[in-house]
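Chemist: Below are the sequence and a predicted model for it; my questions follow.
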Amino acid sequence: MLAPLAPDPDLGPGTYPDALAGTVLPARPSGGYSAPLAAAVPDERPKGDADRALSAAARARVADGFATATGRAYARDWSAFTAWCATHGRTPLPATAETLAEYVTHLAATPTRKGTLPAPSTVERALACIQSRHKLAGTTADARPARLALRAYRRQCADAGQRTRKAPPAELEALRKMLDATAPDTLAGLRDRAALVLGFALMGRRSELAALNIADVTLTPDGLEVFIGRSKTDQDAHGETVPLPYGSHAETCPVRVVQAWTAALATYGVTSGPLLRGVDRHGRLTGTTGAAGKAVTRMSGHGLNLLVRRAAVRANLPNAEAFSAHSLRAGGATAAAKAGAPVSAIARHGRWSEKSPVVHGYIRTADKWRDNPMRGVGL
């Protein structure tokens, strides 16, 4: 059964992202359909055109096919674009090449809520949203002039010394320091150690880690098999099993740290449900007797970001405040590249496309010192 679409905290209480139309939908009255997904695909067909009819249930399915985070971002981007078009007397769908170029120019000159100009990647996402909306409507948008404008903006940002902000990779030495600073004899510490090592060894996205259940982790003679039910590159939810071999060191061995955590869960009688779950401020497992609150709480992506950042701060790592759950994913990939793993193996293990520029970026990071042409020239 499909889970109802959650309210978008960035849009305010009682509002939901409209994945296809991009408008913000008010929550349905109590007693109505629990998730307003049926309204996410507007019914704009001519009356009596049965071939173009789309039922409420079908519209809900289509809307739910969007990745949640992508759907929220695209909803905001499309809403902003249509509002701009209304203000400037332009048509959002179908949009002309001139409209798209003007909009990119507008975005590149408009400060964000933080008072800074947007990153080029933010402008590119907005343009991708508009093109996606046109594709869903059965038409195309000529974005060639807009992309030339975006290229000019990238150059402007580069000339101004702006760099893309990225979470620093938690490479192996950083991972060891974070684990050393995380208590192995507390419930929260055992959970945090499992999350840190799993994130690194799986090259896991935070959404993948948050979605793991105890049943998704299977012990085999060779190590752990971790089932990833759905990922950013597997929106059809075929699922994939990722093997994690035994590590050479007990503190960083994914098998041992996960076993320690699941053994701790078992002492509470917990053998199913979320793998990474909440621990209250008194060190008690959520959903168990005496814990604050009655519900079992699965760790969220935001919670995993905080977990990693706090571990980095405890370990006194440089730029610790910039660490996030993505640091584990980047660190695992970078460590594998430094160990000589081929790009195809890294991409497959981390669930990237083999042609992904992200993967090749990790390879370049590993190679820039190992294959440096100035090494050994006698400087």
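Modeler: Looks like it arrived, so ask away.
Chemist: show me where this protein has helices.
Modeler: 56-64, 68-88, 97-108, 120-136, 144-159, 172-180, 187-202, 206-211, 254-267, 301-314, 325-338, 343-350, 357-370 (DSSP state H).
Chemist: would a markdown table of these with mean neighbour count be doable?
Modeler: Yep, even glycine has a C-beta here, placed from its N, CA and C like the rest. Shown next, in a markdown table, are those (neighbours: other Cβ atoms under 10 Å):
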| stretch | mean neighbour count |
| --- | --- |
| helix 56-64 | 16 |
| helix 68-88 | 18 |
| helix 97-108 | 20 |
| helix 120-136 | 19 |
| helix 144-159 | 16 |
| helix 172-180 | 19 |
| helix 187-202 | 24 |
| helix 206-211 | 22 |
| helix 254-267 | 18 |
| helix 301-314 | 20 |
| helix 325-338 | 25 |
| helix 343-350 | 18 |
| helix 357-370 | 15 |
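Chemist: Those helices: lowest mean pLDDT?
Modeler: When the helices of the chain are ranked by mean pLDDT, helix 56-64 comes last with a mean of 69.
Chemist: Let me know which of the helices of the chain is the nearest to Asp280.
Modeler: Proximity to Asp280 (Cβ to Cβ) singles out helix 187-202 among these, at 9.2 Å.
Chemist: I'd like the distance between Pro94 and Leu275.
Modeler: According to Cβ to Cβ, to the nearest Å, Pro94 stands 46 Å off from Leu275.
Chemist: Look at these two and report which has more neighbours.
Modeler: Leu275 (26 against 14; other Cβ atoms under 10 Å).
Chemist: Contact partners for the closest residue to that one other than its chain neighbours?
Modeler: Using Cβ to Cβ, 6 or more residues apart in numbering and skipping residues adjacent in sequence, the residue nearest Leu275 is Leu212, 4.3 Å away. Residues near Leu212 by Cβ atoms under 8 Å, 6 or more residues apart in numbering: Leu198, Val226, Pro274, Leu275, Leu276.
Chemist: repeat for Ala101
Modeler: Ala101 neighbours (Cβ under 8 Å, 6+ apart): Pro145, Ala146, Leu148, Ala149.
Chemist: How about the second one, nearest residue that isn't a chain neighbour?
Modeler: Which is Ala146. Nearest one to Ala146, counting by Cβ to Cβ, 6+ apart, is Leu100 at 3.8 Å.
Chemist: do the third one as well
Modeler: For Leu148, the nearest residue in space outside its immediate sequence neighbours is Ala101; the separation is 7.7 Å by Cβ to Cβ, 6+ apart.
Chemist: Return the residues in contact with Ala183.
Modeler: Gly189.
Chemist: Can you pull the phi and psi angles for it?
Modeler: phi -60, psi 130 (degrees, to the nearest 10).
Chemist: what's the neighbour count on Thr112?
Modeler: By other Cβ under 10 Å, neighbour count at Thr112 equals 11.
Chemist: Now for it: which residues touch it?
Modeler: Pro118, Thr122.
Chemist: Distance check, it against Ala119.
Modeler: Thr112 is 9 Å from Ala119, by Cβ to Cβ.
Chemist: one step back: quick one, which of the helices of the chain is nearest to Thr286?
Modeler: Across these, closest to Thr286 is helix 187-202 (Cβ to Cβ), at 10.5 Å.
Chemist: report the angle between the axes of the closest one and helix 325-338?
Modeler: With axes from the mean of the first three to the mean of the last three Cα atoms, to 10 degrees applied, the angle from helix 187-202 to helix 325-338 works out at 40 degrees.
Chemist: counting contacts, what elements does helix 187-202 pack onto?
Modeler: Judged by 3 or more Cβ pairs under 8 Å, 6 or more residues apart in numbering; DSSP states H and E, helix 187-202 is in contact with helix 172-180, helix 206-211, strand 223-228, strand 240-245, helix 254-267, helix 301-314, helix 325-338.
Chemist: Output those as TSV; include the columns distance to Trp352.
Modeler: As requested, the helices and strands packed on helix 187-202 are arranged in TSV below (distance: least, Cβ to Cβ, whole Å):
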stretch	distance to Trp352
helix 172-180	20
helix 206-211	12
strand 223-228	13
strand 240-245	12
helix 254-267	20
helix 301-314	18
helix 325-338	8
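Chemist: among those, which is nearest Lys135?
Modeler: Of the helices and strands packed on helix 187-202, nearest to Lys135 by Cβ to Cβ is helix 206-211, at 24.3 Å.
Chemist: Spit out the contact partners of Ala345.
Modeler: Ala336.
Chemist: same deal with Asp180?
Modeler: Applying Cβ under 8 Å, 6+ apart, the residues contacting Asp180 are Glu251, Ala315.
Chemist: what about it, distance to Cys253?
Modeler: 15 Å.
Chemist: now Val270
Modeler: Distance from Val270 to Cys253, by Cβ to Cβ: 22 Å.
Chemist: swap in Ala95?
Modeler: Ala95 is 54 Å from Cys253, by Cβ to Cβ.
Chemist: now do Glu171
Modeler: 17 Å.
Chemist: and what of Arg155?
Modeler: From Arg155 across to Cys253, the span is 47 Å (Cβ to Cβ).
Chemist: Specify which residue of Ala95 and Cys253 has the higher count of neighbours.
Modeler: Ala95 (24 against 20).
Chemist: The more buried one - nearest residue in space that isn't next to it in sequence?
Modeler: Ala141 (5.4 Å).
Chemist: what distance separates stretch 337-357 from the centre of its chain?
Modeler: Counting by Cα atoms, centre = their mean, to the nearest Å, stretch 337-357 is centred 18 Å from the centre of its parent chain.
Chemist: Sweet, I'm off.
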